[in-house]
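Engineer: Predicted model, plus sequence, below.
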Amino acid sequence: MACRISELVIEAADAERLAEFWSEVLGYVEIGRESDGSIEIGPPGTGFGGPQPTIVLSPNSEPRTGKVRLHIDVSATDRDQDAELERLLALGARPADVGQTGNESWHVLADPEGNVFCLLRDRLQPL
């Protein structure tokens, strides 16, 4: 027996703003809120336990220290990488420098709170 990733939890100074950002990036919808201010987003019509993991944006006002050792990679499903890069930048992503050479086939970006993620070149089929 094996495990599946069911949720990704991202601590956020502004959980509402990050939930909006990642919902737009991934085409997710809000599927729940907790009394602690956490917001869970996921694929429309499936939610927790579906084929894709949900994301929980968990409020945390403490400043982040050190480099986060995990990041998310995303791939466009309905446009090429350049068009998707434009869309992500318009949503509030910004270029991030993590020491890349400039010859990579991916773009390193940061979400509105500085969480690094990569936009890969390959296009994936939507689920």
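Structural biologist: Received it, and whenever you're ready, just let me know what you need.
Engineer: where are the low-confidence patches of this protein?
Structural biologist: By pLDDT under 70, the weakly predicted segments of the chain are 1, 127.
Engineer: all strands of it, in order?
Structural biologist: Counting by DSSP state E, the chain has strands at residues 7-12, 29-33, 39-42, 54-59, 72-74, 94-95, 107-110, 116-119.
Engineer: what packs against the first one?
Structural biologist: The helices and strands touching strand 7-12, judged by 3 or more C-beta pairs under 8 Å, 6 or more residues apart in numbering; DSSP states H and E, are helix 15-26, strand 54-59. In this view, the C-beta of every residue, glycine as well, is placed from N, C-alpha and C.
Engineer: what do you get for the last one?
Structural biologist: Here strand 116-119 is seen to pack against strand 72-74, helix 81-91, strand 107-110 when contacts are counted using 3+ C-beta pairs under 8 Å, 6+ apart.
Engineer: Would you mind finding the most buried of those?
Structural biologist: strand 107-110 (a mean of 19; mean count of other C-beta atoms under 10 Å).
Engineer: Residue 48: neighbouring residues, count only.
Structural biologist: A total of 13 residues lie near residue 48 under the criterion other C-beta atoms under 10 Å.
Engineer: for residue 40, that is, sorry about that
Structural biologist: Residues within reach of residue 40, counting by other C-beta under 10 Å, total 20.
Engineer: separation between it and residue 102?
Structural biologist: 37 Å (C-beta to C-beta, to the nearest Å).
Engineer: Next: residue 84.
Structural biologist: Distance of residue 84 to residue 102, given as C-beta to C-beta: 19 Å.
Engineer: can you check residue 57 too?
Structural biologist: Distance from residue 57 to residue 102, by C-beta to C-beta: 32 Å.
Engineer: between the two, which one's more packed in?
Structural biologist: residue 57 (28 against 4).
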